[in-house]
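Asker: Return atomic coordinates for the entry below.
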Amino acid sequence: MESNAKLVELNPDIGLVEPKLSLLERHSRWWMTFLLLSADLFSLSLAGITAILIRALIGGRFEPLDFYLRMLPLFVIFVGIYTWRGLYPAVGLSPIEEIQRLSVSTSVVFFLATGFTFWVHGAERFSRPIFAMAWIFSLALVPLFRMCVRVIAIKLGVWGEPVAVAGYGQQGKKIIDFLCRNLHLGLRPVLVFPRSINQSYLDRFELDPNIFENKGIRTLVMITSETPEAFQDVVVDQQRFGFKRLILIPNLRWVGSIGVVPHDLEGFLGLEVRQNLLSDWQQAVKRLMDISIVIASTIIVIPAGLIIGLLIRLDSRGKIFYDQERVGKGGKQFKMWKFRTMVVDANEVLERYLIAHPESLKEWGVSQKLRDDPRVTRIGYFLRKFSLDELPQLWNVLKGEMSLVGPRPFFVDQSSFYGKTYNLYIRVRPGVTGLWQVSGRNDVGYEERVRFDEYYVRNWSVWLDIYILIRTIWAVLRGEGAY
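Answerer: Numbers count the residues shown, from 1 in each chain. Presented below is the predicted three-dimensional model:
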């Protein structure tokens, strides 16, 4: 929220008030491109060096340094394709879209480099296992170092392109708040056009159409439902303000860019909303991915489960596993399994606690959760903090009752919270993790949880699942919103 301190609202009565932008902020796109480019070159180099060292350690031949320097032109190809795919400076690019573009672009370059070793004379000295390992390491390291660069730059207050926002109604305020809380998108609000902008005020800018660009503001985010038609005409048709980039936000709050394809209908904008996860073919792909990941993870999950079961048994009396009736695909109820984290007489303990602490009734009524829950055992607090109590749900995944990623399964008596979204929810398998879990979890109200579930179903893609799984690992390690 640091950027909010510089937010300036235009006032039609007093004229233009300039946001005070530093030289670095005025040329933020160049600075962000330099940081991302440096991160990419470093991570690609690290991936290559790591692959070479591993190959040498397992008995491969270590070539002289000048031999490996011949691969330097590959960096030019990487940068060229990344640039072509809009990955510099990637302003306004969603994390899901960025992961997709990085993965595809990186894979294409390594595929071409590997093909080079088959067809070019003398290239047989290049080790294909090194290419394979470097490719795998690059897929992980490039997004990781990009994230690290953004986090550090945001902490230092030097990340984000200054943007203007048109519309200061309810939705406009939400957009400004969202951009300030998600500075990794690279859009930093510094100027606001309110709804009260009038024609006489707009006419002042006719003499200097580049007034905002000269001040370092080249992008306008416009909420179409909160801006007068005259303002839209001046900005879009007349291009009087000279904004180089215009981002229009229509009044379709549940539609995200992932599931939308634009169509030009001879001057009219058509938006095709693709609901991928409602396709039988897409659900089959998702199911195959679930089974593959679960089977691959058993080498870690089974030993961890045995240790957790022993700790639960030593900590308190009762069963190791706990099952709950939840609503699944098609509205069918199923038993969702967890490691037990509560005392055996949990309901009685809760009743006594709420009677003794009536101030907690409101918290319980809003989220059906308590931050200081008296029912949770000592080992239970640890399991919940790092979401280890959820591991038995991998059995639900194998049985086809759940998916690794999806809407969070709810109790039967909670179906009323979903309202009209309920019919959308029951068309897919609920998930072990999802957008709710990586977006604040128990710190997020039930209304927001429903909105996350709706967004996920409408905008599903393999890349969205990969993004959520990566975010889940990070959230689990930090214990975000878990109690």
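
Asker: What residues sit buried inside whichever helix in the chain runs longest?
Answerer: The longest helix of the chain (DSSP state H) is helix 280-315. Buried residues in helix 280-315, defined by neighbour count with 16 or more other C-beta atoms under 10 Å: Q282, Q283, K286, M289, D290, V294, G305, I308, L311, I312. Just so you know, the C-beta spots here come from the backbone N, C-alpha and C atoms, and that holds for glycine as well.

Asker: which residues in the stretch 201-350 of the chain form helices?
Answerer: Applying DSSP state H, counting those that start in this stretch to the stretch 201-350 of the chain gives helices spanning 229-232, 280-315, 346-356.

Asker: which non-adjacent residue is nearest F131?
Answerer: Among residues not flanking F131 along the chain, T114 sits closest, at 5.0 Å (C-beta to C-beta, 6 or more residues apart in numbering).

Asker: mind checking which helix or strand the one you found is in?
Answerer: Element membership of T114, judged by DSSP states H and E, is helix 95-119.

Asker: Can you spell out which helices and strands pack onto that helix?
Answerer: Applying 3 or more C-beta pairs under 8 Å, 6 or more residues apart in numbering; DSSP states H and E, one finds that helix 95-119 makes contact with helix 73-84, helix 128-156, helix 462-478.

Asker: and the second one, what does it pack onto?
Answerer: In other words, helix 128-156. For helix 128-156, the contact count by 3+ C-beta pairs under 8 Å, 6+ apart identifies helix 28-57, helix 95-119 as packing neighbours.

Asker: which outside residues touch the shortest one?
Answerer: Spelled out, that is helix 95-119. With C-beta atoms under 8 Å, 6 or more residues apart in numbering as the test, helix 95-119 has contacts from 71, 74, 77-78, 81-82, 85-87, 90, 93, 123-124, 126, 128, 131-132, 134-135, 138-139, 142-143, 146, 184, 257-258, 461, 463-464, 466-467, 470.

Asker: Please pick the buried ones from these.
Answerer: 74, 78, 81-82, 85, 87, 90, 93, 126, 131, 134-135, 138-139, 142-143, 146, 184, 258, 461, 463-464, 466-467, 470.

Asker: Is W159 in contact with M32, as I believe?
Answerer: Yes - counting by C-beta atoms under 8 Å, W159 touches M32, with 6.6 Å between them.

Asker: List the contacts of L248.
Answerer: M222, T224.

Asker: ok, what's across the strand from it?
Answerer: For L248, the beta-bridge partners under DSSP bridges are M222.

Asker: Distance-wise, check it relative to F193.
Answerer: Remark: distance between L248 and F193 (C-beta to C-beta, to the nearest Å) = 14 Å.

Asker: With F243 instead?
Answerer: Distance from F243 to F193, by C-beta to C-beta: 11 Å.

Asker: These two: which is more packed in?
Answerer: F193 (27 against 23; other C-beta atoms under 10 Å).

Asker: In terms of pLDDT, where does that one sit?
Answerer: F193 carries a pLDDT value of 82.

Asker: list the contacts for the nearest residue to it once chain neighbours are set aside?
Answerer: Among residues not flanking F193 along the chain, A166 sits closest, at 4.1 Å (C-beta to C-beta, 6+ apart). The contact partners of A166, by C-beta under 8 Å, 6+ apart, come to G172, V192, F193, L220, V221, M222, I223, E226, T227, F231, V235.

Asker: The last one: neighbour count?
Answerer: The burial count assigned to V235 is 22, neighbours taken as other C-beta under 10 Å.

Asker: That one reaches F241, doesn't it?
Answerer: Yes - if you go by C-beta under 8 Å, V235 and F241 touch, sitting 5.8 Å apart.

Asker: what residues do the two have in common as contacts?
Answerer: Counting by C-beta under 8 Å, 6+ apart, the common neighbours of V235 and F241 are L220.

Asker: how about low-confidence regions in the stretch 351-483 of the chain?
Answerer: The stretch 351-483 of the chain contains residues with pLDDT under 70 at 365-368, 440-444, 479-483.

Asker: repeat for the stretch 51-200 of the chain
Answerer: Across the stretch 51-200 of the chain, the ranges flagged by pLDDT under 70 are 60-68, 117-126, 196, 198-200.

Asker: repeat that with 90
Answerer: The stretch 51-200 of the chain contains residues with pLDDT under 90 at 51-74, 92-94, 96, 112-132, 157-158, 164, 166-175, 177-178, 181-182, 190-200.

Asker: Would you mind measuring from the spatially most central residue of the chain to S127?
Answerer: Nearest to the mean C-alpha position of the chain, by C-alpha atoms, centre = their mean, lies P95 at 5.1 Å. Shown here: P95 relative to S127, a distance of 33 Å by C-beta to C-beta.

Asker: Same check on K420?
Answerer: Applying C-beta to C-beta, the value for K420 to S127 is 57 Å.

Asker: what do you get for S279?
Answerer: Distance from S279 to S127, counting by C-beta to C-beta: 41 Å.

Asker: Over to M71?
Answerer: Where S127 is concerned, M71 sits at a distance of 11 Å (C-beta to C-beta).

Asker: Then L391?
Answerer: 38 Å.

Asker: for Y168, same thing?
Answerer: Per C-beta to C-beta, Y168 is found 59 Å from S127.
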